[in-house]
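Visitor: Quick one, fold the following:
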Amino acid sequence: MVTEAQTTRIEPRPASGANRVLDVRDLCVSYYTPRGPVRAVNGVSFFLRAGERLGLVGESGSGKTTTALSLMRLLQAPAVIEGGKVLLDGRDLLSLSEEEMRRARFADIALIPQGAMNSLNPMMKVGEQLRDTMRAHMDGESSARRDVRIQEALESVGLRPDIMQAYPHELSGGMKQRVCIAMGILLSPKVIIADEPTSALDVVVQRQVMETLGRVQSDLGASVILVGHDMGLMAQFVDRVGVMYGGKLVEVGPVRDIFKDPLHPYTQLLIGSLPTLQSKEIFKGIPGLTPSLLTPPPGCMFHPRCPKVMAHCSVVIPPLEEIKPDRWVACHLYNGSQP
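Guide: Below you'll find the model as predicted:
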C-alpha cells in the first residue's frame, strides 16, 4: 500500500509584494441556453500581486469557478467569453492563439482542479500523467531529467517518489489532491488557481493539503487564487478576499479587514452565518434565494435579499469602487449615490 510522506507544517510567510502579476479587467462570460443567455460573469475586475494569495468566495452559482476557468481558457460550450482582458505580466491571455494558450497553461498559469478523484486518469499511472504534462511543454528534455523533476515535485508536496508507479485508485483522497498540486507546480508557474482543492476531504486532510499548497507556493514565489465558499478556510489562508454574488464582485479587501469590518450587506450576512463558540448551536442563513442569472433582478443583484435595501437599489447598479485604501465595495451605502 502506498503511504504518504510526513507532512511538514508551513511557516508564516513574508508579506506580499506590490507588483501586479495578474490583472483581470471587465471579464464577461455567458452560457447560451435554449431559454436565452445566462451571464455567469458580469464585468469582473480584480488584480493579483506577486506572491499574494487571493480568495474568491460566494454562494454556489456566484460565478467563482466560471471566473477561474475563464482565466485558464478552459470553458466549454455553451460558455462564451464575451469580453474583457486577462493580463498575465502584461500579456492578454484571452488574445493568445490556442497553441500559445496551451503552452501558457502549467508554465505560466496552472489550475489545481476541484475533485482530484475526477481529475486524474484512472487508467494511467501517476508518473505517466505527470510526464504528459512535461512532454507538452519541454520537448527537448530527456526522460531522465523529466523524471527527476517529477520526483522533486512529488517530494515537495510530501509524497514519496514511488507514487509515480501507483494508479490513482491506490491513493487516498488527500494523496490524489497532492498529486494534482504537484502537477500544478511542475513547471513553476507564476499563478496557481486552486478551485476548492479541499472539497470532499475530511478536516484533518484539508489542513494538510492547504499547508502543502502554502508551502510549495512560498517555495516557488508564485501567486495563488483560492476559489471556494468556506469563509473559515479563507480566513486562515489568503491575504485578500473577493466576495462574489450573481456574477459580480461586491467587495474586495484584506482578509483581516473584511472579517473585522465587512462593508457590503451580503458580506456581513456571509460572515454572520459562521458559527461561533457563543452561538455554536444557532445556525443563521441568508434569507431568500440566489438570483436567476437568466432573468436577473434590476439594479443591485442583492437588493431582493438585502436588509438595508433602499428605493433606488432596485433601479441603479452600484459600481465596484475603492472607498478606502485597498477596500473595494459595490453598494449604494458607500458610493454617495443615495437620493
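Visitor: tell me the SS of Glu211?
Guide: Three-state call for Glu211 (DSSP: H, G, I helix; E, B strand; the rest coil): helix.
Visitor: ok, it - how many residues close by?
Guide: When neighbours are counted by other C-beta atoms under 10 Å, Glu211 registers 16. Every residue, glycine included, has its C-beta placed from N, CA and C.
Visitor: next one: Lys284
Guide: Neighbour count for Lys284, taken as other C-beta under 10 Å: 11.
Visitor: low-scoring stretches of the protein, by residue?
Guide: Counting by pLDDT under 70, the chain shows low-confidence ranges at 1-18, 116-117, 139-140, 276-283, 336-339.
Visitor: repeat that for 80
Guide: 1-18, 114-118, 136-142, 199-201, 274-285, 335-339 (pLDDT under 80).
Visitor: element containing the spatially most central residue of it?
Guide: Taking C-alpha atoms, centre = their mean, the centroid of the chain lies closest to Val227, which sits 2.8 Å from it. Element membership of Val227, judged by DSSP states H and E, is strand 223-228.
Visitor: in the stretch 201-339 of the chain, which spans are strands?
Guide: Ranges of strands in the stretch 201-339 of the chain, per DSSP state E, counting those that start in this stretch, are 223-228, 240-245, 248-254, 321-324, 327-329.
Visitor: So which other helices or strands are in contact with the longest one?
Guide: The one in question is strand 248-254. If contacts are counted by 3 or more C-beta pairs under 8 Å, 6 or more residues apart in numbering; DSSP states H and E, strand 248-254 sits against strand 36-49, strand 240-245, helix 265-272, strand 327-329.
Visitor: again, only using 10 Å
Guide: In this structure, strand 248-254 makes packing contacts with strand 36-49, strand 53-57, strand 240-245, helix 255-260, helix 265-272, strand 321-324, strand 327-329, judged by 3 or more C-beta pairs under 10 Å, 6 or more residues apart in numbering; DSSP states H and E.
Visitor: now for those, which one comes closest to Glu152?
Guide: strand 53-57 (23.0 Å; C-beta to C-beta).
Visitor: now the angle from that closest one to strand 223-228?
Guide: Interaxial angle, strand 53-57 versus strand 223-228 (axes from the mean of the first three to the mean of the last three C-alpha atoms, to 10 degrees): 20 degrees.
Visitor: Next up, the contacts around Leu69.
Guide: Contact analysis of Leu69 by C-beta atoms under 10 Å, 6 or more residues apart in numbering lists 29, 41, 75-76, 79, 81, 111, 113, 193, 195, 227.
Visitor: same thing with Phe237?
Guide: Residues near Phe237 by C-beta under 10 Å, 6+ apart: 53, 55, 194, 198, 210-211, 213-214, 217, 224, 226, 228, 230, 255.
Visitor: Pull out the buried members of the residues you listed.
Guide: Buried subset of the contacts of Phe237 (neighbour count, 16 or more other C-beta atoms under 10 Å): 53, 55, 194, 198, 210-211, 213-214, 217, 224, 226, 228, 230, 255.
Visitor: Great, nothing more from me.
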